[in-house]
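[1] Okay, here's the prediction I keep looking at, along with the sequence it came from:
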Amino acid sequence: MAQTDVIVIGAGPAGLSAATALARLGVAVTVLDREAVAGGIPRHCNHPPYGLREFRRLMRGPAYAQRLVAEAKAAGVTIRTQTTVTFLHPGGRIDVTSPEGVETLAARAVLLATGVRETSRAARLIGGEKPGGVMSTGALQGIVHLNGQRPFQRPVILGTELVAFSALLTCRHAGIKPVAMIEPARRITARSPAIWLARLMGVPVLLEATVDAIHGRTRVEGVQIDRRGTLQDMATDGVIVSGGFRPEATLLRLSHLEVDPGSGGPVIDLWGRLSDPAYFAAGNLLRGVETAGWCWAEGRRVARAIHAALLGQLPAPEVARLRLGSDAVRLALPQVLPIDRPKPSPADSGAADGLQLRLNRPAKGRLRLMQDGVCLMDRRIDSLPERRITLPLPALRSASDVTLTLEER
Amino acid sequence: MDTPNLPGNAEGFDVAVIGAGVVGCALARAFTLAGARVVVLEKAADVLDGASKGNSAILHTGFDAPEGSVELACIREGYALYHQIRDRLGLPLIRAGAMVLAWSEAEVAELPALMAQAVANGVTDVQAVTAAEALRLEPQLSAKVMGGFRVPGEHLIDPWSAAHGYLLQALENGATLMRQAEVLTGRRSQGVWHLATTAGAVQAGLVINAAGLWGDEVDRRVTGESWFTIKPRKGQFVVYDKTAASLLGHILLPVPTKTTKGIVVCRTAYGNLLVGPTAEEQDDREHATLDQPTLQALMQRGQDILPALAGHEVTAAYAGLRPATEEKEYRIRTDLAEDYICVGGIRSTGLSAALGIAAHVLRLAERSYPPLENPVWPQMPSLTGEAPRDWQTPGHGGILCHCELVTRREVEAALTGPMAAGSMGGLKRRTRVTMGRCQGFYCSAELARITEGRLAQPMLGGGDGAD
Ligand SMILES: Cc1cc2nc3c(=O)[nH]c(=O)nc-3n(C[C@H](O)[C@H](O)[C@H](O)COP(=O)(O)OP(=O)(O)OC[C@H]3O[C@@H](n4cnc5c(N)ncnc54)[C@H](O)[C@@H]3O)c2cc1C
Ligand SMILES: Cc1cc2nc3c(=O)[nH]c(=O)nc-3n(C[C@H](O)[C@H](O)[C@H](O)COP(=O)(O)OP(=O)(O)OC[C@H]3O[C@@H](n4cnc5c(N)ncnc54)[C@H](O)[C@@H]3O)c2cc1C
């Protein structure tokens, strides 16, 4: 492999936008992706809305992915597909395997942009049998859009995050008629307009309901649903287990890098830098799912931080840690905060301009950022899991821990 | 799909083995290597679809087996034989060693008798450990541990490649495998067995019933009666992601009760960590269902023993059925006058004992065949990382299943050859595709494409089966 300054792991929106931005700044970049085709998740999301923020056009996923790849190539980025990263060593050395075998690569900086996966049926501890026809949205979309196959006719969809509605669109495209969407909470997780899609397709949304068991020995034959304590069997031939996004972070967890138990992704500072300063991260890996546009913008910003780091202009890592003081809050990013806002510098444009939060469960009340007994910020929230919550960056006075508390009503 | 050009069919086979669980696979190997022409009849679309589909994958020493039992003798012999042949077949052995741990005063009081039994069973290298020693050996262990003893010889194996290896060696030395061949009836005339199967008639000199969970039923179908009753005992497991495997070295066993060895916490040969099995009696032999409260209780139990497990993800859950019977002993019976041997009730140690059971049954059969010259020793693919995995060697065609690092070349190999996968479950057991943390989020589409039209029980039309 030619000499490279930066290796990007993952050719999704975050990795490709970062690579493109770096290449335009004159940095030699190589993007590695384990799939045969670059583009990440949008490759199999054959529906809009993609591209609004980036290209000011409403696009479908595959066209959007192709456009990102074309831009990266035009900027001079090297893209290697079918190249799986298997281990991260300190200092930016990585092991990979590709059809040519195994190699070790090195770069001055490595950006992790490995995205997310959906929580599997097993991780949700759904009981019953283990027939064929139980799959994530990602798997369904691959089978429908990449293969043109139809795995079932009348599935149930578990979950009401945005991705569940993406599954609905995929079903509609393939002529599959879901029998119900099933949601444990009292409200759907996605913003309300999404429910109109279900109504339009005549798919009932069962709230306060869970699937306890899946029936069928070789193929799904039905599910047992628990609705507020009442058990009921529903005939169905498939189960789409949607959402519950988890960072694709096993690489990270098997490495020397620090992991945030809340997000399941890396601990980052204001510049997306990890506990080993040779590593950076951006995109869904940080938190669970965001829109592609958000990940794309994040990749661009972290590219500027990496560029500053290569020039030796990035401030030393800061020490104030952001801690969670409420079990309703799943994560808050970045976990490492600057004591003082950095002076305007080339690095400034690479810095995050706010905090991002996610909840574990529906919650409302007063969020507070506390340091040394002083309240730095106070904000009312009323939100659901997987909804984006942003806060301005607080101005810190010392390096002691900052705690995020939630007084629930 | 296996419509064999039945080599022995003109005059029949020497031996028909009913059932391709781990026991049937080992029997096929032993009789084939002894020179017999063997046919294996399996009702499912692929092998290892019964009790052998899901177990704890421990190669037991027999330290706690009933003294003087056939079971103990078979475990001891099976254990030794596995060590003897495993290199030549490329089968892994993870020398983990076990610790039996006591968590209460009452359990502490039982330790000396258990150690004495181990010694009486020929497992003489057991060593008592104090709580402090246990914690030094396993620093992640809960400090609530009160003492125990080590059984250095208890090891971990790959439950599927072992059985596949036994059967493949039989097939490569001339045996015949018929899948989707359920034995319906048996009739003996003029010293020849005529078995009616869903894949046609088969004739054989000797019939061996190794039908696992259906052993009593096959007894009745073939001989008209059965001398035991299968009482299935279900075991559920949770499996943690590979990040958890580094928490533990030993196989952690509880003090056993009368009915069960209890819930084990151990690594797997594939580098995961498992907690299980439960022991739940049921009548149903077909369905091994999971239930959420039990899985939650297993996770809790795992965390009580290894508190750090709380920070790790469960990536799979499965259940298996033990072919237990009304007695605490294998139900092996020979009827030499009728050329029939029943190898039934191989309850909860069959993986360890299989090679021993096969050697035992071969002796019981009291027959000789023209010797097999220069038997072939196939090499099983390495799935455990003990030997280099396929992804570490060039030309693998790219990774197909990212979580388990399964290559395209491995999947292609598993879809061809004399023991080509017949179902998605079978493909998973041969390669580990989709068995990882994403459970197919990434690779399902590619797999659906590659396997289209190539599995007797198709991926999208048919069963997913075991994992
Ligand atoms: C079903 C679904 C529907 C969606 N619909 C929309 C929508 O309509 N509009 C929208 O804006 N957003 C949508 N999104 C969200 C959007 O697609 C994602 O947020 C975006 O793709 C995330 O970008 P990323 O770069 O962080 O990760 P990804 O796109 O997930 O890319 C990660 C890449 O990393 C690679 N990788 C991972 N590990 C390794 C490794 N070890 N070695 C090499 N490569 C590796 C992967 O192969 C992958 O290509 C949807 C998401 C899903 C799942
Ligand atoms: C939860 C659990 C944990 C265990 N842990 C361990 C362990 O750690 N170590 C260990 O050594 N053992 C363990 N075991 C035990 C071991 O798995 C079993 O003893 C072993 O798998 C039994 O194998 P078998 O070949 O006798 O039966 P099976 O695997 O059930 O094989 C019988 C086969 O016969 C076929 N069949 C049935 N009827 C017919 C018919 N009419 N015609 C044709 N074919 C038919 C079936 O489809 C099946 O494939 C465990 C078991 C369980 C369930």
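    Noted; the coordinates are in hand. Computed from a predicted model, the values in this text were never measured in an experiment. Numbering: from 1, shown residues only, chains lettered A, B, ... in the order given. Ligands and ions are numbered 1, 2, ... in the order given.
[2] only C-alpha atoms for contact and neighbour calcs from this point on.
    Noted.
[3] B:Val433 touches B:Glu410, doesn't it?
    No - in this structure B:Val433 lies outside contact range of B:Glu410 using Cα atoms under 8 Å: 9.6 Å.
[4] Who has more neighbours out of those two?
    In this view B:Val433 and B:Glu410 are compared by other Cα atoms under 10 Å in any protein chain shown, and B:Val433 has more residues nearby, 27 against 23.
[5] Skipping its backbone neighbours, what lies nearest that one in space?
    Distance criterion Cα to Cα, 6 or more residues apart in numbering or on different chains; nearest residue to B:Val433, sequence neighbours excluded, is B:Cys401 at 5.5 Å.
[6] Across the sheet, point out what pairs with that neighbour.
    In this structure, B:Cys401 has beta-bridge partners B:Val406, where bridges are defined by DSSP bridges.
[7] For it, give me its contacts.
    With contacts taken as Cα atoms under 8 Å, 6 or more residues apart in numbering or on different chains, B:Cys401 has the following neighbours: B:Thr407, B:Val433, B:Thr434, B:Gly440, B:Tyr442, B:Cys443.
[8] now do B:Pro159
    B:Pro159 touches B:Ser52, B:Asn55, B:Ala57, B:Leu351, counting by Cα under 8 Å, 6+ apart.
[9] State the pair within those that is farthest apart.
    For these, the maximum inter-member distance is 9.8 Å, found between B:Ser52 and B:Ala57 (Cα to Cα).
[10] Just give the number of residues close to A:Gly229.
    Using other Cα under 10 Å, A:Gly229 has 10 neighbouring residues.
[11] One more: the one 5 residues further on?
    In terms of burial, A:Met234 registers 17 neighbours under the definition other Cα under 10 Å.
[12] Tell me the spacing between it and B:Arg136.
    From A:Met234 over to B:Arg136 the distance is 52 Å, taken as Cα to Cα, to the nearest Å.
[13] State which one residue of the stretch 251-400 of chain A is found closest to ligand 2.
    With Cα to the nearest ligand atom, the shortest gap between the stretch 251-400 of chain A and ligand 2 falls at A:Leu254, namely 27.3 Å.
[14] A:Gly39 against A:Val69, yeah?
    Yes - using Cα under 8 Å, A:Gly39 is in contact with A:Val69, at 6.5 Å.
[15] The two: which is more packed in?
    Between A:Gly39 and A:Val69, counted using other Cα under 10 Å, the more crowded position is A:Gly39 (26 against 23).
[16] Pull the distance from stretch B:363-379 to the chain's centre.
    Computed by Cα atoms, centre = their mean, to the nearest Å, the separation of stretch B:363-379 from the middle of its chain amounts to 23 Å.
[17] pLDDT averaged over it, what's the number?
    Averaging the model's pLDDT scores along stretch B:363-379 yields 95.
[18] Stretch B:46-61 too?
    96.
[19] what about it and chain A, touching?
    No - contact between stretch B:46-61 and chain A is absent, the nearest approach being 11.6 Å (criterion: Cα under 8 Å from any Cα of the partner chain).
[20] Need the nearest residue in space to A:Asp401, chain neighbours excluded.
    Using Cα to Cα, 6+ apart, the nearest residue to A:Asp401 is A:Arg321, at 4.9 Å.
[21] do the same with A:Arg121
    Looking at A:Arg121 with Cα to Cα, 6+ apart, the closest residue is A:Val241, at 6.5 Å.
[22] Any idea how many residues pack against the one you found?
    Counted with other Cα under 10 Å, the neighbours of A:Val241 add up to 25.
[23] Now for it: which residues touch it?
    Each residue near A:Val241 by Cα under 8 Å, 6+ apart is listed here: A:Glu118, A:Thr119, A:Ser120, A:Arg121, A:Val134, A:Met135, A:Ser136, A:Thr137, A:Ile157, A:Leu158, A:Gly159.
[24] Tell me, how many residues neighbour the third one?
    The one in question is A:Ser120. Applying other Cα under 10 Å, we find 28 residues neighbouring A:Ser120.
[25] pLDDT score assigned to it?
    87.
[26] Just confirm it is within a helix.
    No - when classified by DSSP: H, G, I helix; E, B strand; the rest coil, A:Ser120 is found to be coil rather than part of a helix.
[27] wait, it sits on B:Val314?
    No - contact status for A:Ser120 versus B:Val314: not in contact, 9.4 Å apart, counting by Cα under 8 Å.
[28] any residue of stretch A:213-229 up close to ligand 2?
    No - on the criterion Cα under 6 Å from any ligand atom, stretch A:213-229 is out of touch with ligand 2, staying 13.4 Å away.
[29] Return that stretch as CSV; C-alpha atoms alone will do.
    Presented in CSV, the C-alpha positions along stretch A:213-229 are these (Å, rounded to 0.1, in the frame of the first residue of the first chain):
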residue,chain,number,x,y,z
ALA,A,213,-42.1,-15.7,22.0
ILE,A,214,-41.7,-16.7,18.4
HIS,A,215,-43.3,-19.9,17.2
GLY,A,216,-42.3,-22.2,14.4
ARG,A,217,-39.7,-24.9,14.0
THR,A,218,-38.3,-24.2,10.6
ARG,A,219,-40.3,-21.1,9.5
VAL,A,220,-42.0,-18.5,11.7
GLU,A,221,-45.6,-19.4,12.2
GLY,A,222,-46.6,-16.9,14.8
VAL,A,223,-45.7,-14.8,17.7
GLN,A,224,-47.0,-14.4,21.2
ILE,A,225,-47.7,-10.9,22.1
ASP,A,226,-48.1,-9.5,25.6
ARG,A,227,-50.3,-6.4,25.7
ARG,A,228,-50.5,-4.9,29.1
GLY,A,229,-50.3,-8.4,30.7
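[30] how close does B:Ile18 sit to B:Gly54?
    When B:Ile18 is compared with B:Gly54 (using Cα to Cα), they lie 20 Å apart.
[31] okay, those two: which has more neighbours?
    Neighbour count, other Cα under 10 Å: between B:Ile18 and B:Gly54, B:Ile18 has more, with 27 against 23.
[32] if I read this right, the more buried one contacts B:Gly212, doesn't it?
    No - contact between B:Ile18 and B:Gly212 fails when scored by Cα under 8 Å: they sit 9.4 Å apart.
[33] how deep is the residue lying closest to B:Ala132 once chain neighbours are set aside tucked in, by neighbour count?
    The spatially closest residue to B:Ala132, leaving aside those adjacent along the chain, is B:Gly147, at 7.9 Å (Cα to Cα, 6+ apart). Close neighbours of B:Gly147, defined as other Cα under 10 Å, add up to 23.
[34] Backbone dihedrals for B:Gly147, please?
    Phi and psi for B:Gly147, reported as degrees, to the nearest 10, are phi 140, psi 180.
[35] How about it: which residues does it bridge to?
    Beta-bridge pairing for B:Gly147 (DSSP bridges): B:Ala102.
[36] Would you mind listing what in the stretch 151-300 of chain B touches ligand 2?
    Residues of the stretch 151-300 of chain B that fall close to ligand 2, judged by Cα under 6 Å from any ligand atom: B:Ala181, B:Glu182, B:Val183, B:Leu184, B:Ala210, B:Ala211, B:Gly212, B:Leu213, B:Trp214, B:Val218, B:Gly235, B:Pro277.
[37] Sounds good, over and out.
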